[in-house]
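Engineer: sequence and predicted structure are below.
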Amino acid sequence: MFTITKEVYFCYGHRLMAHPGKCRHVHGHSVKAAITVAASELNEQGMVCDFADISAAASAYIDAELDHNLLLHRDDPLVPLLREAGERFSILEEHPTAEFLAKMIFSYVKGLGFNVRSVALWETASAYATYSEG
């Protein structure tokens with residue numbers, strides 16, 4: 001089995017309402033997501049796929065949905081205030097954790113036909129979450 005990994009970088013804001021510590025407050029992260037794609041055989045160019053194809057697919061989604069966006073749980077009481085103020089934000093069905101964001105990216109890229117093995121999302125330089133199926 002061959003695998004390749006492409007890293008993409010973006011920024012987002014969020015808060016974790018039920019968190020007992022500082023993360024319950026609105027704050028932001030500059031993150032790295034590592035998308036790993038696998039193939040049992042290499043293509044006619046001798047690759048799993050082109051790194052640029054993974055980058056383009058992931059970046060289109062990340063730029064539209066995650067980058068420089070405030071990600072909030074659907075029950076967050078800030079939602080009506082931000083809506084009234086005309087601010088950019090996205091409502092998520094799950095809490096906007098690194099784990100859930102890794103799953104969101106995984107699902108999107110897999111839905112485009114890539115054989116995604118995992119997505120790891122570094123929320124800080126020393127802490128990351130990984131999502132994979134199976």
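Structural biologist: Perfect, I can see it now.

Engineer: and what about the nearest residue to Ala58 once chain neighbours are set aside, helix, strand or coil?
Structural biologist: Once flanking residues are discounted, Ala58 sits nearest to Val8: 5.1 Å by C-beta to C-beta, 6 or more residues apart in numbering. Where C-beta positions appear, they are placed from N, C-alpha and C, glycine not excepted. Assigned state for Val8: strand (three-state reduction, DSSP: H, G, I helix; E, B strand; the rest coil).

Engineer: Glu94 contacts Ser107, doesn't it?
Structural biologist: No. No contact is recorded between Glu94 and Ser107 when judged using C-beta atoms under 8 Å, the distance being 12.0 Å.

Engineer: which stretches of the chain form helices?
Structural biologist: Defined through DSSP state H, the helices belonging to the chain, from first to last, are 51-65, 78-85, 98-111.

Engineer: let me know which of these is tucked in deepest.
Structural biologist: Between those, the one whose residues have the most neighbours on average, counting mean count of other C-beta atoms under 10 Å, is helix 98-111 (a mean of 20).
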